[in-house]
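A.B. asks: how would this look folded up:
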Amino acid sequence: MPIHHDHKLIHVEVPKTGGSTIEQLLGNPCKREDNARFYGTVRGAAAVFLSGTPDCIMTHLTATEIARAAPYHYHAYRKFMVVRDPFTRLESEYRYLLGLAGKMGEPGVVLDNLPYHVRSTFRDFVETLVADHGSGRVGRMTQAERCHLVPQSDYLPPPGDGVTVFKFEDFPSAARSVMGMAGLPAPVSIPVVNATDKGSTSLHDAYTAAATVDLYRADFEAFGYGKKHPFC
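C.D. replies: Purely as a prediction, here's the structure:
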């Protein structure tokens, strides 16, 4: 949940939608030592609720959570978010978490809490996700875990609270528009930050494609993405 006071902007940051790239364009170096300044910190009972720890950085909060954490700025500043085709976003999430899991135990590597247990294959991952949604386990997770797994539509504000929605599939245009909202010149080039799936082939099969439609039906409908996949 980066709040850019200089530009009076709030980035409702959905995981795996190019958020780190947008942040760098807006002046956030996206380094651990800068997180508290750009994202803000919550302590005490609110932090325990969000992350299960005594203090936490406010990353990937939904619009509703931002309104509770920073009500003045929420209503005073413009808000934007980037969304992504649910099929490719789920694949990107899996590749990202798989990369984090691969780093566990390496000397000198410091990781955020691993948001989800990554099984050996993408199908295993989706099967576990379906079971955890069905059992209600996702709803009982901390915000730091849950934010990677809930529908992107959960990040939307209540009706009447304005938010500008851009699409990841036209990322250069989205980046230019965000820079315009900030009163900054259009970027000459767009950095690639935390990319996990550039040039990769799809991981989906018939089961995972159908499961994605069922799990994230609200996203397909809210953001106008087609529910047809080659495996559906």
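
A.B. asks: contacting residues for V165?
C.D. replies: F80, M81, V82, V83, L156, F223 (C-beta atoms under 8 Å, 6 or more residues apart in numbering). Backbone N, C-alpha and C define where each C-beta goes, glycine included.

A.B. asks: just V126 next, same as before
C.D. replies: Counting by C-beta under 8 Å, 6+ apart, V126 has contacts L90, Y207, T208, A211, T212.

A.B. asks: of these, just say which sits nearest to L149.
C.D. replies: Ranked by distance to L149 (C-beta to C-beta), the contacts of V126 are led by L90 at 9.2 Å.

A.B. asks: so which helix or strand takes in that closest one?
C.D. replies: helix 86-103 (DSSP states H and E).

A.B. asks: specify the angle between the next helix or strand after that helix and helix 86-103 in degrees.
C.D. replies: Moving toward the C-terminus from helix 86-103, the next helix or strand (DSSP H and E) is helix 122-135. Per axes from the mean of the first three to the mean of the last three C-alpha atoms, to 10 degrees, the angle that helix 122-135 makes with helix 86-103 is 110 degrees.

A.B. asks: any idea of the mean pLDDT for helix 122-135?
C.D. replies: In this model, helix 122-135 has a mean pLDDT of 89.

A.B. asks: check which residues of the helix holding L90 are buried.
C.D. replies: 86-98, 100 (16 or more other C-beta atoms under 10 Å).

A.B. asks: one step back: got JSON lines for the contacts of V165, with distance to G139 and neighbour count too?
C.D. replies: Below are the contacts of V165 laid out as JSON lines (distance: C-beta to C-beta, whole Å; neighbours: other C-beta atoms under 10 Å):
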{"residue": "F80", "distance to G139": "27", "neighbour count": "20"}
{"residue": "M81", "distance to G139": "21", "neighbour count": "22"}
{"residue": "V82", "distance to G139": "24", "neighbour count": "26"}
{"residue": "V83", "distance to G139": "21", "neighbour count": "24"}
{"residue": "L156", "distance to G139": "18", "neighbour count": "21"}
{"residue": "F223", "distance to G139": "22", "neighbour count": "18"}
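
A.B. asks: farthest pair within those?
C.D. replies: F80 and F223 (13.9 Å).

A.B. asks: run a quick neighbour tally on H5.
C.D. replies: 10 (other C-beta atoms under 10 Å).

A.B. asks: and it, what does it touch?
C.D. replies: Neighbours of H5 in contact, by C-beta under 8 Å, 6+ apart: H73.

A.B. asks: direction included, what does the top strand by length along the chain pair against?
C.D. replies: Of all the segments of type strand in the chain, defined by DSSP state E, the longest one is strand 78-83. With DSSP bridges as the test, strand 78-83 is paired with strand 9-11 (parallel), strand 164-167 (parallel).
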